[in-house]
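Undergrad: sequence first, predicted model second:
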2 protein chains.
Amino acid sequence: MTEISAGSRTLDVMAAIRGRIAGRALAPGDRLPSIRRFAATMGVSPSTVVEAYDRLAAEGLIRAQRGSGFYVASSAQPPLKLSAETPKARAVDPFWVSRQALDAGEAVLKPGCGWLPSDWMPDAALRRAIRSLARSDSDFLAYYGSTRGSPALRRLLLGRLTEDGIAAGPDHLMLTNTGTQALDLICRFLLRQGDTVLVDDPCYFNFQALLKAHQVSVVGVPYSTSGPDVAAFEALLAAARPRLYITNSAIHNPTGATLSPQVAHRLLNAAGAIDMAIVEDEIVADFEPEPSTRLAALDGLSRVIRIGSYSKTLSASARCGYIAARPDWIEGLVDLQIATNFGGPNPISAEIIAHMLSGGGYRKHMEELRRRLVRVRRETVERLQRLGIEPWLLPRGGFNLWCRLPEGLDSALVAQAAVAEGVVLAPGNVFSISQSAAGFMRFNVAHMQDPRVYEVLARAMRHAA
Amino acid sequence: MTEISAGSRTLDVMAAIRGRIAGRALAPGDRLPSIRRFAATMGVSPSTVVEAYDRLAAEGLIRAQRGSGFYVASSAQPPLKLSAETPKARAVDPFWVSRQALDAGEAVLKPGCGWLPSDWMPDAALRRAIRSLARSDSDFLAYYGSTRGSPALRRLLLGRLTEDGIAAGPDHLMLTNTGTQALDLICRFLLRQGDTVLVDDPCYFNFQALLKAHQVSVVGVPYSTSGPDVAAFEALLAAARPRLYITNSAIHNPTGATLSPQVAHRLLNAAGAIDMAIVEDEIVADFEPEPSTRLAALDGLSRVIRIGSYSKTLSASARCGYIAARPDWIEGLVDLQIATNFGGPNPISAEIIAHMLSGGGYRKHMEELRRRLVRVRRETVERLQRLGIEPWLLPRGGFNLWCRLPEGLDSALVAQAAVAEGVVLAPGNVFSISQSAAGFMRFNVAHMQDPRVYEVLARAMRHAA
């Protein structure tokens, strides 16, 4: 969890100063009202104003000048810096893994990445889909496509929702460019600056990076082997009244855990009591041997929003995401996608994915992936155990393995040592809001077959010890 | 221009109440402090509190209950509604044209849309590019691609920047999913809630829709036949101190005007004086017979950011945008794109565009488009003049024609009557921040060859008279 929020009087003073800066009543370089004077203006104690000024200074909005008071910073509203450093020099934060893994050369091994090796992907089917695209209608190839995205892919997705027991019509669905963009649109639609959002601890690291861009407070609920810790979840909802909870129930990232029906039921009741929305990210759900409990299915798309994509199962190059939600929310989200992206999602990608899903090949492809993953998961567990690395849980499916390193090792140091030798790892704390997972590492079992991974890992562990 | 902002004391009171609601010190349904009491708390007059409460009530954050005071609204922070209505019923606002044009069936005529008919687009070259895509490397087809997007397309774009006299290196450039997403990322990076942004009046309507999503104040500068009115521009910069100016210099949308060198020079000096950033949207620049003055070229990508895409010239289906800017800004924008979209832009689209640009075909294709446009523009002007519709300016290039309707006609009424007959028009006020363009209409000359357009237009004008 992030720190407890300041008292309401301190927040009032901070808000008043922010308001004056936003309204240009205080310009960069201007001196702030004296502590004594502003305390009188606001009807609060001088110590409240001191606390407020200190907090604003920590945020960089104002700066203290010794012996002279507080001044509006020369760039009082600097460009949003999600991270201050260049990728090479930067700290091991949620961007570290993304950038290292996405921009790595071919020679780099990537057991820290969140996707399958290219030779696991349905290459021939993808090429067939692309060739079929070259025979499309000229209008399709020239135009933006409809604002909700490819009708063919939406029809297929509606069928999937029905299979999952969700009675959804065309008004419940829209496509997006990517699964992450789906979440981003939802956050823009539902959240306001200063809102609180609940995530799992640990959770997919990019949730944190995304929420930082929304300038919201983020709190984390400890994740157990059957879903979030329900007592902690209920207490957090009462205390922090989050507006939104973001999770992925089926094969949780990074832990590989599965949500139990009892936990799902209690989560939904707790969410209902404070009218909190829930995003359920289904991106790796098809890796499950059989479907587990889903919040969206229990809830029937009332307060739960389902998002997903086929980047992990079909192609990350032909990217396409989707959102299934209440029709009135979808309507607002479509507007927001027009405003921020113009038109709907990439028509060409959606058509390729629709082509690949419409044959019978997808089911067979997924069965084959699951079979291969069972085998490499078993091998990986054995090879990691020889290094003293133990899985926290044996997942029912998927490619992630959340592991505990030998006592006392900091996974960020291990990851930094490994990247110097051309191996990108995913250290525990990039997934943890509370920064309590330094002793953990997430391994992608599909990228763990090269013996060099274990050699570099062993050396990096010795280096970090 | 939007309304003058409230006094700083009123803003303080509003900020204090907002802070209490955000901090949950005031929950939905709670009664607000009485006017007299809160006036004393804030050290302001009761009338200031009354004004602040009224403004918050207008925003929907609180509601007045007759004889009883003010209460926090039951959904104090409702989801952002960019527009309250469904596309069919909605008012003629900036979304109206987008949705009508994007979601229209094939039978609908679209002289209001912002793209060329599909039979003007390079269909054969596009199909060749797609077939070549089907022969790509397997890694390319499976993976996310690099965070800055296709190296092949970036190399081509750097060549273009050099041709335009802009000395840019790889650090100055990134690709995005669309031109609109490019602008959206820049706004998220540079702007904070409450900032002021300057646009042209009239301007591309989606700039307004996009800026609404950013919750910033928008002011408009009157656009003349040689660029924005410089005196008004300088006065607005001094008065409103906007953080950003968004424009498109080459073939301005909707007017078709061209920025003169003298105006460009003075705009840049004025922007420098208040450290304002400028986005120059180049999306239709290649429709110019010869290149006109560009802010980015004069400025050398210091405070000017160039954005663009090939949706208007090659394909809107294989969409890809770009941003050229200062390296430190690009670095932050790449992070933001990872956080909100994961990874870089769509690799498949970028590769298709790169393939189409790398041959000699693009230049010939653009020459042919320009020739055709000269012819249909002349014809369209003659046919519109017979209806009493006069072009405001004869543009040097492009497909837009900004026209004045006969005296007294409201173009929104004309557009509503026309859409009922299956013709989507673009009425003037969707482009105008000041809502001063009701007598204007933007026509896409490439969609004006069907005689039914003129028949429906004539009837709609009689209907609206």
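TA: Looks like it came in fine.
Undergrad: from here on, contacts and neighbour counts on C-alpha atoms
TA: Will do.
Undergrad: in the stretch 1-150 of chain A, which spans are strands?
TA: Using DSSP state E, counting those that start in this stretch, the strands of the stretch 1-150 of chain A run over A:62-65, A:69-72.
Undergrad: wait, does the last one contact chain B?
TA: No - using Cα under 8 Å from any Cα of the partner chain, no contact is recorded between strand A:69-72 and chain B, whose separation bottoms out at 15.8 Å.
Undergrad: and that strand, what does it pack against?
TA: strand A:62-65 (3 or more Cα pairs under 8 Å, 6 or more residues apart in numbering or on different chains; DSSP states H and E).
Undergrad: can you tell me the strand partners of the strand it packs on and which way each runs?
TA: Taking DSSP bridges as the criterion, strand A:62-65 pairs within the sheet with strand A:69-72 (antiparallel).
Undergrad: how far out from the middle of the chain is the strand it pairs with?
TA: Offset of strand A:69-72 from its chain centre (Cα atoms, centre = their mean, to the nearest Å): 37 Å.
Undergrad: pLDDT below threshold where in the stretch 151-300 of chain A?
TA: Residue ranges of the stretch 151-300 of chain A with pLDDT under 70: none are present.
Undergrad: near chain B, which residues of it are found?
TA: Within the stretch 151-300 of chain A, the positions near chain B by Cα under 8 Å from any Cα are A:177-181, A:183-184, A:188-192, A:194-195, A:206-207, A:209-210, A:213.
Undergrad: so how far does stretch A:434-446 reach from one end to the other?
TA: End-to-end distance for stretch A:434-446: 28 Å, by Cα to Cα, to the nearest Å.
Undergrad: which residue is the nearest non-sequential neighbour of residue A:392?
TA: residue A:403 (5.2 Å; Cα to Cα, 6 or more residues apart in numbering or on different chains).
Undergrad: what kind of secondary structure is the one you found in?
TA: Secondary structure assignment for residue A:403 (DSSP: H, G, I helix; E, B strand; the rest coil): strand.
Undergrad: likewise for residue A:323?
TA: Put simply, residue A:323 is strand when judged by three-state DSSP.
Undergrad: my guess is it contacts residue A:307, does it?
TA: Yes - Residue A:323 is within contact range of residue A:307, at 4.6 Å (criterion: Cα atoms under 8 Å).
Undergrad: let's have the strands of the stretch 1-150 of chain A in TSV, adding distance to residue B:152 and mean neighbour count.
TA: Compiled in TSV, these are given as follows (distance: least, Cα to Cα, whole Å; neighbours: other Cα atoms under 10 Å in any protein chain shown):
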stretch	distance to residue B:152	mean neighbour count
strand A:62-65	44	20
strand A:69-72	45	20
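Undergrad: got those as CSV, with mean pLDDT columns?
TA: Output for the strands of the stretch 1-150 of chain A, formatted as CSV (pLDDT from 0 to 100):
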stretch, mean pLDDT
strand A:62-65, 80
strand A:69-72, 86
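Undergrad: returning to what we had before: and the gap between the residue nearest to residue A:392 and residue A:390?
TA: Using Cα to Cα, residue A:403 is found at 5 Å from residue A:390.
Undergrad: looking at those two, which one has more neighbours?
TA: More neighbours surround residue A:403 than the other of residue A:403 and residue A:390, with 24 against 20 (other Cα atoms under 10 Å in any protein chain shown).
Undergrad: where do the strands sit along the stretch 351-465 of chain A?
TA: Under DSSP E, counting those that start in this stretch, the stretch 351-465 of chain A gives strands at A:390-391, A:400-404, A:426-427, A:440-444.
Undergrad: deepest-packed of the ones you listed, please.
TA: Compared across those, strand A:426-427 shows the largest average neighbour count, a mean of 30 (mean count of other Cα atoms under 10 Å in any protein chain shown).
Undergrad: show me what it is packed up against.
TA: Counting contacts by 3+ Cα pairs under 8 Å, 6+ apart, strand A:426-427 packs against helix A:411-419, strand A:440-444.
Undergrad: need the distance between the two termini of stretch A:299-316.
TA: Per Cα to Cα, the first residue of stretch A:299-316 is 30 Å away from its last.
Undergrad: next, count neighbours for residue A:385.
TA: Neighbour count of residue A:385, defined by other Cα under 10 Å: 14.
Undergrad: could you point out the longest strand in chain A?
TA: strand A:217-224 (DSSP state E).
Undergrad: show me what contacts the residue most central in space within chain A?
TA: Central residue of chain A (Cα atoms, centre = their mean): residue A:207, 2.4 Å from the mean position. Residues in contact with residue A:207 (Cα atoms under 8 Å, 6 or more residues apart in numbering or on different chains) are A:199, A:246, B:339.
Undergrad: out of the residues you listed, list just those in strands.
TA: Among the contacts of residue A:207, the members found in strands (DSSP E) are A:199, A:246.
Undergrad: only whichever of the contacts of residue A:207 are buried, select them in PyMOL.
TA: Entered in PyMOL, the line below selects the buried ones among these, by 16 or more other Cα atoms under 10 Å in any protein chain shown:
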select buried, (chain A and resi 199+246) or (chain B and resi 339)
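Undergrad: adding distance to residue A:312, write the contacts of residue A:207 out as JSON lines.
TA: Listed next are the contacts of residue A:207 as JSON lines, based on distance: Cα to Cα, whole Å:
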{"residue": "A:199", "distance to residue A:312": "22"}
{"residue": "A:246", "distance to residue A:312": "19"}
{"residue": "B:339", "distance to residue A:312": "17"}
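Undergrad: from residue A:205, how far out is residue A:114?
TA: Going from residue A:114 to residue A:205 by Cα to Cα gives 11 Å.
Undergrad: that older thread, counting contacts, what elements does the longest strand of chain A pack onto?
TA: So strand A:217-224, by 3+ Cα pairs under 8 Å, 6+ apart, packs with strand A:196-201, helix A:230-240.
Undergrad: of all the helices and strands packed on strand A:426-427, which one comes closest to chain B?
TA: Closest to chain B of the helices and strands packed on strand A:426-427 is strand A:440-444 (Cα to the nearest Cα; 15.2 Å).
Undergrad: what lines up beside the closest one in the sheet?
TA: Paired strands of strand A:440-444, defined by DSSP bridges, are strand A:400-404 (antiparallel), strand A:426-427 (antiparallel).
Undergrad: compute the inter-axis angle for it and helix A:411-419.
TA: Inter-element angle recorded for strand A:440-444 and helix A:411-419: 40 degrees (by axes from the mean of the first three to the mean of the last three Cα atoms, to 10 degrees).
Undergrad: in the helix or strand residue A:265 falls within, which residues are buried?
TA: Under the criterion of DSSP states H and E, residue A:265 resides in helix A:261-273. Across helix A:261-273, burial judged by 16+ other Cα under 10 Å covers A:261, A:263, A:264, A:267, A:268, A:270, A:271.
Undergrad: outside of that helix itself, list whatever touches it.
TA: Residues contacting helix A:261-273 (Cα under 8 Å, 6+ apart): A:226-228, A:230, A:233-234, A:237, A:277-278, A:293-295, A:298-299.
Undergrad: try 10 Å this time
TA: By Cα atoms under 10 Å, 6 or more residues apart in numbering or on different chains, the surrounding residues in contact with helix A:261-273 are A:226-231, A:233-235, A:237-238, A:241-245, A:249, A:275-278, A:292-296, A:298-299, A:303-304.
Undergrad: now, of those residues, which are buried?
TA: Taking 16+ other Cα under 10 Å as the criterion, what is buried in these is A:226-230, A:233-234, A:237, A:241-245, A:249, A:275-278, A:293-296, A:298-299, A:303-304.
Undergrad: that older thread, using a markdown table, please lay out the helices and strands packed on strand A:426-427 together with mean pLDDT.
TA: A markdown table is the format used below for those (pLDDT from 0 to 100):
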| stretch | mean pLDDT |
| --- | --- |
| helix A:411-419 | 95 |
| strand A:440-444 | 98 |
